[in-house]
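Colleague: here is my input, please return the structure:
(one chain, ligands or ions: 1)
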Amino acid sequence: MVERLLARTTDVHERRVLQAYAAEEDEHARLIGAYFEKHGLERGPPFWIQPALDRIDGRTPLLVLMFHMELMAALFYGTVAQSVEAGEARALIRRLLRDEARHIRLFRSLARRELQAKRGFERVTARALVTSVQVSAYTTAQYQARQLAPLLGERAAKLPRRVWAQFTAERGGLFDAAPQKLDGWWAAQKRGQAVFLRSGASGVPGCAET
Ligand SMILES: [Fe+2]
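Modeller: Have a look, this model is predicted:
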């Protein structure tokens, strides 16, 4: 998805940030893969919605989708971190969460810039797009929460509602709240510090705990 987005991004600064983001996601995949290998765990098949995601293209749909996927990832990671015993698995998830908070900030900012440039009918269409992505993601969250119920216990049942509450809280801001400059994201990454976490501004409770 990042490659598809990069193919539609000409802004040099934005490309630089997206490439840094892609490198972080690759590192996450490597860390998770190493953990699975070390513990002899088998990876499941690709998630059922993956074929549909692979077909999505266009800058606006990609940005809206990636923002919501980052939100969901952080909420799920946060809940898993609360549910597993202290140890290697929790340490790994918290390590991932540190980056996820910044990923949310990055895509929130990019999605806001994209959506707020829309006028007239394009803006109406963009609102419909956000709603459809949120409903689809919420449906996915329900499915995924059921799959994780053996691990998450009672927390699994509450997760989809938390996802929806987060989506609802974000919806208005996507069209009206000021986007943040990308410079902050880049500076935070260079310092190796999740400054956004310290401010507790990720908006995702699980992220603020790391
Ligand atoms: Fe992420």
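
Colleague: roughly how far apart are the most centrally placed residue in the chain and the ion?
Modeller: Residue closest to the mean C-alpha point of the chain, counted by Cα atoms, centre = their mean, is residue 70 at 0.3 Å. Distance, residue 70 to the ion, using Cβ to the ion, to the nearest Å: 5 Å. Just so you know, the C-beta spots here come from the backbone N, C-alpha and C atoms, and that holds for glycine as well.

Colleague: give me the three-state assignment for that residue.
Modeller: helix (DSSP: H, G, I helix; E, B strand; the rest coil).

Colleague: again with residue 155
Modeller: Residue 155 ends up helix, using three-state DSSP.

Colleague: spit out the contact partners of it.
Modeller: Contact partners of residue 155, counting by Cβ atoms under 8 Å, 6 or more residues apart in numbering, are 79, 82-83.

Colleague: just the buried residues of those residues.
Modeller: Among the contacts of residue 155, those buried by neighbour count (16 or more other Cβ atoms under 10 Å) are 79, 83.

Colleague: so which of the contacts of residue 155 are in helices?
Modeller: 79, 82-83 (DSSP state H).

Colleague: near the ion, which residues of this structure?
Modeller: 70, 100, 103 (Cβ under 5 Å from the ion).

Colleague: switch to 8 Å and redo it
Modeller: Residues of the chain found near the ion, taking Cβ under 8 Å from the ion as the criterion, are 21, 24-25, 28, 69-70, 73-74, 96, 99-100, 103-104.

Colleague: in helices only, show me those residues.
Modeller: Using DSSP H, the residues of the chain next to the ion in helices are 21, 24-25, 28, 69-70, 73-74, 96, 99-100, 103-104.

Colleague: so residue 56 is in contact with residue 63, correct?
Modeller: No: if you go by Cβ atoms under 8 Å, residue 56 and residue 63 don't touch, sitting 10.8 Å apart.

Colleague: who's more crowded, those two?
Modeller: Using other Cβ atoms under 10 Å, the more surrounded residue of residue 56 and residue 63 is residue 63, with 24 against 14.
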